[in-house]
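Participant: Sequence and predicted model, in that order:
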2 protein chains.
Amino acid sequence: MPSTSDHSHPIPAKVTIQDVASAAGVSKATVSRYLNRGDAQLSPEIAARVAAAIESLRYSPSPMAQALKRGRSRLIGLVVADVTNPFSVAVLQGVEKACRDAGFMVMLFNIGNDDIREREAIESLSSYQVEGFILHTLGRDTGALAEARRKGKPVVLVDRRIGDSQVDLVGLDNASAVRLAARHLVANGFKHLLYVTGAAKGISSREERVEAFRSFLHEAGQGLQGEVHESSDDKPLDMELALADWLGRTGAEAAAVLSANAVMSLRVAEACSRQGWQFGRDLGFVGFDDPSWMPIVGPGLSAIAQPTDDIGYLAVRCLLERLRGEQLPPRQILLPGTLMSRGSSRPLK
Amino acid sequence: MPSTSDHSHPIPAKVTIQDVASAAGVSKATVSRYLNRGDAQLSPEIAARVAAAIESLRYSPSPMAQALKRGRSRLIGLVVADVTNPFSVAVLQGVEKACRDAGFMVMLFNIGNDDIREREAIESLSSYQVEGFILHTLGRDTGALAEARRKGKPVVLVDRRIGDSQVDLVGLDNASAVRLAARHLVANGFKHLLYVTGAAKGISSREERVEAFRSFLHEAGQGLQGEVHESSDDKPLDMELALADWLGRTGAEAAAVLSANAVMSLRVAEACSRQGWQFGRDLGFVGFDDPSWMPIVGPGLSAIAQPTDDIGYLAVRCLLERLRGEQLPPRQILLPGTLMSRGSSRPLK
DNA sequence: TTGTACGCGTTATCAG
DNA sequence: CTGATAACGCGTACAA
């Protein structure tokens, strides 16, 4: 048994490149070369010895030291507005997968919907030498973006723009998605549409959706009545009142709600639950986002599903291209939503 | 204006301790001391110069270099069986908060319910010099735990044990929680209980819950009939059949389902939705876990809510204590569940 | 082809 | 109280 594969003595906790070098009877440089350039420049005999030593010592290089040396950490920073948001988690999944495929690791920073911590996130993450950022933030420009650029690290935005900045963005084709939903409702005979959204203040995707809804109404002409209700986070009951008022005015006839995201869908459903309004009987419904519970609420809630996995995956691919130094102009990758038609959007009665 | 606060020239991308030293006209060592031991050992005049330099250059030390030097990286590794699981996300939140409070960062590794990647997770994470692990894994012992210990890094398990290993564990008091749910159902007049769980193969929390359910039945005696259905992941429709069969046999009278977790609750609800069975009319229901959608399904789904935030938070606290070298015996921190009583568990009819 | 020596940004030791 | 200097683990010119 060659001494290099002797495992009678326990492997020390930290095994460094020096240990491998000693075990193989070569220098650190040789081991390093074996690792990085493959065994192209190595004599077969030496390469074999190094390989054996690495194997028996279970050596793996320290990414920290590597990062320190060559600037690249194989880390990417993911900043998320709110991990509680199912959309964020779904994107996270795609991001994680893409990173794994490319030999990167994700460093996650959840800012819990707190503006102030946005800067903090960039600071922390970039102190850890992340090579780039994927940002799913609040949308208000807190200087985080500028900060990231100042550090010379590429950024890809997800779902939401920041200010009118020129950065890569991956997200949903909001305009088309809204039309998809609205046309579906119209096709099913609905004549009164209420668009329910959260405070849109600065969140581009929300603004785009409302905007698209308004232009849809405009194009549809007099045959279709529509309104927008902006629900505030601290007064969720206002929405219930608004809903009641609206249902009253429309005579509860051919009226449907279009909800801007999963959180809003939940609130609408809560309101209906409390008031005894039933989807498919008293009002129609389509919501953005398609979390797992949509099919089991009432007659099944119809949804515009976002290709969340793809969004996360493409965001990373996009970032990696920047990392390779490709000097393309800022891109917008807009993906189509998918209509999931369920009971809540079938013609009433 | 003193030259140290002159910001007319742009700040270079990488500002090192050496830059600060030069700017302040002192040595690296002095700056380092100022940073680490405070200004206790510094002459006020020098301390002020250093402070000014740090401020004007916006210097912050590199955690990578620090990690390399002193072994401690201020990183903790979080390994999660499946980010899609709301429970995991909820715990993640608590973990993240605790880490932030303690000046640590989280490195996330999602193994996507894939046994094989468990080892991989430990390897990757510990190569990044994480100081310890929080593990929410599949439960099958894949050697991940041994691997972590071999590297001399502390481990805290969340929700699930691994083998019969002696490690810190933070989770739900499953026995009490099951009794809480079952007693609630019995108190509301239910006489037939069906416990629906996923494949429990090796997942300790699932096993404990089933076990607790069985002993509850045993103690309750003849007045209460109970069964356990183990639903397999690849044949979700079997559960629907089992449900139908069971409802038939019990004469759909005073029958209630007890679901082992959120995923199962979803499946049960799907089955009921397809079959037209209504909670609160045809059968009662209580489920473990209380995701946001539970209140809006049917008459509201009753639940045993887990203190997920606390679980994550305490797991980190526990880990930090180990990091401080405290040599306590392996602890088990079991937290109580909370009954959320809603329409689905009210007496039928 | 292989080894030597230096530097990445810090901290710690040892002089002064 | 402060400043050189070595070392952490690694990659890479440069020399051999």
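Facilitator: It's in. Numbers count the residues shown, from 1 in each chain, chains lettered A, B, ... in the order given.

Participant: who's in contact with residue A:293?
Facilitator: Neighbouring residues of residue A:293 by CB atoms under 8 Å, 6 or more residues apart in numbering or on different chains: B:266, B:291, B:293, B:297. All C-beta atoms are positioned from the backbone trio N, CA, C, and that covers glycine.

Participant: Could you rerun that using 6 Å?
Facilitator: residue B:293 (CB atoms under 6 Å, 6 or more residues apart in numbering or on different chains).

Participant: Phi first, then psi, for it.
Facilitator: Backbone torsions of residue A:293, given as degrees, to the nearest 10, read phi -90, psi -10.

Participant: Read off the pLDDT value for the residue nearest the centre of chain A.
Facilitator: Centroid check for chain A by CA atoms, centre = their mean gives residue A:91 as the closest residue, at 3.2 Å. We have a pLDDT of 93 for residue A:91.

Participant: Please verify my assumption that residue A:141 contacts residue A:162.
Facilitator: Yes - assessed by CB atoms under 6 Å, residue A:141 is found in contact with residue A:162 at 5.2 Å.

Participant: Those two - which one has more neighbours?
Facilitator: residue A:162 (23 against 16; other CB atoms under 10 Å in any protein chain shown).

Participant: Secondary structure class of that one, three-state.
Facilitator: Assigned by DSSP: H, G, I helix; E, B strand; the rest coil, the conformation of residue A:162 is coil.

Participant: what do you get for residue A:229?
Facilitator: Under three-state DSSP, the three-state class of residue A:229 is strand.

Participant: what secondary structure does residue A:295 sit in?
Facilitator: helix.

Participant: burial of it, as a residue count?
Facilitator: Residue A:295 has 21 neighbours, counted by other CB under 10 Å.

Participant: Equivalent analysis for residue A:296, please.
Facilitator: Neighbour count for residue A:296, taken as other CB under 10 Å: 25.

Participant: Mind telling me what element the nearest residue to it once chain neighbours are set aside is part of?
Facilitator: Nearest non-adjacent residue to residue A:296, counting by CB to CB, 6 or more residues apart in numbering or on different chains: residue B:269, 4.2 Å away. Taking DSSP states H and E as the definition, residue B:269 sits inside helix B:262-275.

Participant: For the helix or strand following that helix, name the packing helices and strands.
Facilitator: Remark: after helix B:262-275, the chain's next helix or strand is strand B:284-288, criterion DSSP H and E. In this structure, strand B:284-288 makes packing contacts with strand B:255-259, strand B:302-305, judged by 3 or more CB pairs under 6 Å, 6 or more residues apart in numbering or on different chains; DSSP states H and E.

Participant: Strand B:284-288 to strand B:255-259, inter-axis angle?
Facilitator: 10 degrees (axes from the mean of the first three to the mean of the last three CA atoms, to 10 degrees).

Participant: Pull the residues that contact strand B:284-288.
Facilitator: Here strand B:284-288 makes contact (CB under 6 Å, 6+ apart) with B:181, B:190, B:256-261, B:265, B:279, B:301-304, B:344-345.

Participant: What strands line up against it, and which way round?
Facilitator: strand B:255-259 (parallel), strand B:302-305 (parallel) (DSSP bridges).

Participant: How many residues are close by residue A:204?
Facilitator: Applying other CB under 10 Å, we find 20 residues neighbouring residue A:204.

Participant: mind checking how far the spatially closest residue to it that is not a sequence neighbour is from DNA strand D?
Facilitator: Leaving aside its sequence neighbours, residue A:204 sits nearest to residue A:161 (CB to CB, 6+ apart; 3.9 Å). In this view, residue A:161 and DNA strand D are 36 Å apart by CB to the nearest atom of the strand, to the nearest Å.

Participant: what residues are up against residue A:63?
Facilitator: Counted by CB under 6 Å, 6+ apart, residue A:63 has contacts B:127-128.

Participant: Doesn't residue A:253 belong to a strand?
Facilitator: No - with three-state DSSP as the criterion, residue A:253 is coil rather than part of a strand.

Participant: Quick check: it vs residue A:284, distance?
Facilitator: 11 Å (CB to CB, to the nearest Å).

Participant: do residue A:316 as well
Facilitator: Residue A:316 sits 37 Å away from residue A:284, going by CB to CB.

Participant: Let me see the contact set for the residue of the stretch 201-349 of chain A found nearest DNA strand C.
Facilitator: When distances are taken as CB to the nearest atom of the strand, the stretch 201-349 of chain A reaches nearest to DNA strand C at residue A:323, 18.7 Å away. By CB under 6 Å, 6+ apart, the contact set of residue A:323 is A:131-132.

Participant: redo that, cut-off 8 Å
Facilitator: Contact analysis of residue A:323 by CB under 8 Å, 6+ apart lists A:131-132, A:154.

Participant: Generate a ChimeraX selection restricted to the buried subset of the residues you listed.
Facilitator: Typed into ChimeraX, the next command selects the buried ones out of these (criterion: 16 or more other CB atoms under 10 Å in any protein chain shown):
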select /A:131,132,154
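
Participant: Now, the contacts of residue A:323 that are in strands?
Facilitator: Among the contacts of residue A:323, DSSP state E puts residue A:132 in strands.

Participant: What helix or strand is residue A:52 located in?
Facilitator: Assessed by DSSP H and E, residue A:52 sits inside helix A:44-57.

Participant: do that helix and DNA strand C meet at all?
Facilitator: Yes - counting by CB under 7 Å from any atom of the strand, DNA strand C is contacted by helix A:44-57 at A:45-47.

Participant: Compare these and tell me which is most surrounded.
Facilitator: The most neighbours of any of those, using other CB under 10 Å, belong to residue A:47, which has 19 neighbours.

Participant: which residues of the stretch 1-150 of chain A score low on pLDDT?
Facilitator: The stretch 1-150 of chain A contains residues with pLDDT under 70 at A:1-13, A:39.

Participant: which parts of it sit against chain B?
Facilitator: With CB under 8 Å from any CB of the partner chain as the criterion, the stretch 1-150 of chain A comes near chain B at residues A:11, A:13, A:60-65, A:67-68, A:73, A:83-84, A:89, A:92-93, A:96, A:105-110, A:123-124, A:127-129, A:150.

Participant: Please, a PyMOL command that selects the buried ones among those residues?
Facilitator: In PyMOL syntax, the buried subset of the residues of the stretch 1-150 of chain A next to chain B is picked out as below (16+ other CB under 10 Å):
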select buried, chain A and resi 61+62+63+64+65+67+68+73+83+84+89+92+93+96+105+106+107+108+109+110+123+124+127+128+129
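
Participant: So which of the residues of the stretch 1-150 of chain A next to chain B reach DNA strand C?
Facilitator: Among the residues of the stretch 1-150 of chain A next to chain B, proximity to DNA strand C is found for A:65, A:68 (CB under 7 Å from any atom of the strand).

Participant: So which of the residues of the stretch 1-150 of chain A next to chain B belong to helices?
Facilitator: If you go by DSSP state H, the residues of the stretch 1-150 of chain A next to chain B have A:63-65, A:67-68, A:89, A:92-93, A:96, A:123-124, A:127, A:150 in helices.

Participant: so which of these would you say is closest to DNA strand C?
Facilitator: DNA strand C has its nearest neighbour among these in residue A:68, at 4.2 Å by CB to the nearest atom of the strand.

Participant: Who are the contact partners of the closest residue in space to the closest one that isn't next to it in sequence?
Facilitator: Nearest non-adjacent residue to residue A:68, counting by CB to CB, 6+ apart: residue B:64, 5.3 Å away. Contacts for residue B:64 (CB under 8 Å, 6+ apart) come out as A:64, A:67-68, A:73, A:128-129.
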